[in-house]
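*Asks:* Predicted structure and sequence below. I'll ask about it afterward.
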Amino acid sequence: MSQAHEVQQSLHEVQSLLAHLETASWVEEDWGRLQRVLREYERLLVTLCEVQITLKRLQALIFGTRRRRRHPSVAGTSAAGGSEAGRGGEVGVEAAGGGNDKRGAHARPRAGVGASDDAVQATRSGGHRPGHGRLEAEAYAGAERVECRHEALAVGQRCPVCGQGRLYALPPGVEIRIDGNALLSAIRYELEKLRCSACGEVFTAKLPAGASEEKYSPRARAVLAIGRYYLGLPLYRLQGYQAMLGVPVPDATQWDQIEKVGDSSYVVFEYLERLAAQGELIYQDDTSVRILTLIKENQEIQAQAEALGFSRSKERTGMFTTAFVVKVGERTICLYYSGRSHAGENLAALLEQREADHDKPLVMSDALLSNAAQETTLIRCHCLAHGRRQFSDLADVFPQECQVVIEALKQVFDHDEQARDEQMSAEARLAYHRDYSGPIMDDLKRWLDKQFDDRLVEPNSSLGKAVAYMQGHWETLTRFLSVAGAPIDNNLVERALKLFIRQRKNSLFYKTEYSAYIASVLTSLIATCLHACVNALEYLVALQEHRKEVFAAPEAWLPWTYQASLAPP
């Protein structure tokens, strides 16, 4: 039966039912018609909700999402919503908030957790942070220092004003002046040449002391690497900028120099891999990437499949950039990989280098199947922020139900932030979450179960899928309540991926897998330097200038150890 015929038949039933209602003469068949009409009406409402959600997601995809400002009174409502929960049930206010005063030393007031409405309004009112925005002189650590002496006066002379006192030194005043320049600057040496009038021998002046023997210095190469893989500048754009300022550097030449930086650095990257494989906490995620040679392979594979009569090839055509942020003791290591392997496969390859006597690592990710590896060799944690996002995306369509989950999880995130601010140990943080976040999550679990048990939510609706997501991954989403040191979200690696996303937005693609590998090596070193508060530019210069020593002992040339290797014995 066609869809048009179904609509016409349903319309006929509605008209017939209305005719009987006007005459007030009911027959037994009318009850069946009324049930069918109401079912169609219910299906129409569900369809309208799904269309509204789809349009909202499309709008966010095209125009981006806007940060919603929450009314200060929202913080005063219960996590369950109380009467706001409507037909969705309730989560107790006391359980959601901890319900007691056991926090002791941790019970300092916080916006959104027991804070007054004024404090909440002050926290969420937006605007800039207080301050004039000016930097102190000590912030300019890389500034060139020039001493300015007084032209007419010196220490010990008589005061030219009163003629009685003697002048003595004070700490110097500081003035900062900012200048502009090309990313790469050039020095033109004009070497004097002399020729003998008898024998014709030519005598050329030598370069001054300190002048580099090579045209491009290690610092120039490091600047190119930082510009490409940290600032995200495409080589052709930098080529145009340098030409405009009279110091032209072709894009092909830039790549040649960047490749030399990678040639001096990849052994350190490989050592960081072995070190990261022993880490106790691994954050993982991936994003898409474009590699031209792989795109060409995909086109050839698709053409072969169509020649055999298949509409689509069964070979993998996806391309991914995987990011790992690994905690190894007090150190943080960032690793990137680009190619056909997704995050789960890259994780499995990394863990193959893990020593057998180490405990299982904690691995944080979202719940995508592409993140799965050999799950028996690790302790999987799933991102609670992703679970919350399932409901925040639906808040405009299902405001009452979604508010229950959002407000409950907000308090859990507040507890985690407080534990982080107070620098609790892993064991203290675990006990703190069990005391104050545990009751909230228990009540939230009962609320989620009630939605399906009491048939309050349609399982195939967007809201039903969000509830099912939380239920299906409950154990891994709440790992922070059972394992010391388990993270609550995957935000750390999400931020780390922005370095590669920045490159993708500006340059669109890599030409070959080799160029993508060089990008992975250098971006990994730069990101690791950022986490270690190390000057990445100076670090890449040092790796080039001491290439032989780096290859002989890469463990001595990590971002946090290379300064000791530079020091004279």
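*Replies:* Arrived safely. Model, not experiment: these values are computed from the prediction.
*Asks:* alpha carbons only for contacts and neighbour counts from here, please
*Replies:* OK.
*Asks:* Strands of the stretch 201-350 of the chain, residue ranges please.
*Replies:* Using DSSP state E, counting those that start in this stretch, the strands of the stretch 201-350 of the chain run over 202-204, 281-288, 320-328, 331-339.
*Asks:* Quick check: buried residues in the second one?
*Replies:* Applying a neighbour-count criterion of 16 or more other CA atoms under 10 Å, one finds 281, 282, 283, 284, 285, 286, 287, 288 buried in strand 281-288.
*Asks:* right, and the fifth one touches residue 320 too?
*Replies:* No: if you go by CA atoms under 8 Å, residue 285 and residue 320 don't touch, sitting 9.9 Å apart.
*Asks:* where do the contact lists of those two overlap?
*Replies:* Common contacts of residue 285 and residue 320 (CA atoms under 8 Å, 6 or more residues apart in numbering): residue 343.
*Asks:* The one helix or strand residue 521 maps to - contacts with which helices or strands?
*Replies:* Element membership of residue 521, judged by DSSP states H and E, is helix 513-531. Packed against helix 513-531 by the contact rule (3 or more CA pairs under 8 Å, 6 or more residues apart in numbering; DSSP states H and E) you find helix 218-229, helix 251-276, strand 331-339, helix 536-545.
*Asks:* for it, what is the average pLDDT?
*Replies:* Helix 513-531 carries an average pLDDT of 97.
*Asks:* what's in contact with it?
*Replies:* Residues from elsewhere that reach helix 513-531, judged by CA under 8 Å, 6+ apart: 225-226, 229-230, 259, 262, 265-266, 269, 291, 293-294, 332-339, 496, 499-500, 510, 535-536, 559.
*Asks:* and what of stretch 247-267?
*Replies:* 182, 184-186, 216, 221-222, 224-225, 235-236, 238-240, 242-243, 518, 521-522, 540, 543-544, 547, 550-551, 554.
*Asks:* Buried ones in that stretch, by neighbour count?
*Replies:* 247-249, 251, 254-255, 257-262, 264-267.
*Asks:* Same question for stretch 490-498.
*Replies:* So for stretch 490-498, counting by 16+ other CA under 10 Å, buried means 490, 491, 493, 494, 496, 497.
*Asks:* where's the last one relative to residue 273, distance?
*Replies:* Note on residue 497: its distance to residue 273, by CA to CA, to the nearest Å, is 17 Å.
*Asks:* burial count for residue 401?
*Replies:* For residue 401, the count of nearby residues is 26 (other CA atoms under 10 Å).
*Asks:* Quick check: which element contains it?
*Replies:* Using DSSP H and E, residue 401 falls in helix 399-421.
*Asks:* orientation of the helix or strand following that helix relative to helix 399-421 in degrees?
*Replies:* For helix 399-421, the following helix or strand on the C-terminal side (DSSP H and E) is helix 426-436. Compare the direction of helix 426-436 with that of helix 399-421 by axes from the mean of the first three to the mean of the last three CA atoms, to 10 degrees and you get 150 degrees.
*Asks:* what packs against helix 426-436?
*Replies:* The contact analysis (3+ CA pairs under 8 Å, 6+ apart) places helix 426-436 against helix 399-421.
*Asks:* Now the helix it packs on: buried residues?
*Replies:* Applying 16+ other CA under 10 Å to helix 399-421 flags 400-416, 418-419 as buried.
*Asks:* Does residue 496 touch residue 321 like I think?
*Replies:* No: at 11.4 Å, residue 496 does not count as touching residue 321 under the criterion of CA under 8 Å.
*Asks:* sorry, back to before: between the buried residues of stretch 247-267, which is nearest residue 367?
*Replies:* residue 266 (31.7 Å; CA to CA).
*Asks:* give me the low-pLDDT residue ranges for the stretch 451-569 of the chain?
*Replies:* Low-confidence segments of the stretch 451-569 of the chain, defined by pLDDT under 70, span residues 569.
*Asks:* rerun that using 90 as the cut-off
*Replies:* By pLDDT under 90, the weakly predicted segments of the stretch 451-569 of the chain are 455, 457-462, 508, 566-569.
*Asks:* which residues in it form helices?
*Replies:* Counting by DSSP state H, counting those that start in this stretch, the stretch 451-569 of the chain has helices at residues 462-472, 474-477, 491-496, 498-507, 513-531, 536-545, 547-552, 562-566.
*Asks:* Any idea which of those helices gets closest to residue 352?
*Replies:* Among the helices of the stretch 451-569 of the chain, the nearest to residue 352 by CA to CA is helix 513-531 (19.5 Å).
*Asks:* most centrally placed residue in this protein?
*Replies:* By CA atoms, centre = their mean, the chain has its centre lying nearest to residue 495, at 1.7 Å.
*Asks:* Quick check: the gap between it and residue 325.
*Replies:* Going from residue 495 to residue 325 by CA to CA gives 10 Å.
*Asks:* One more: residue 370?
*Replies:* Plainly put, residue 370 is 17 Å away from residue 325 if you go by CA to CA.
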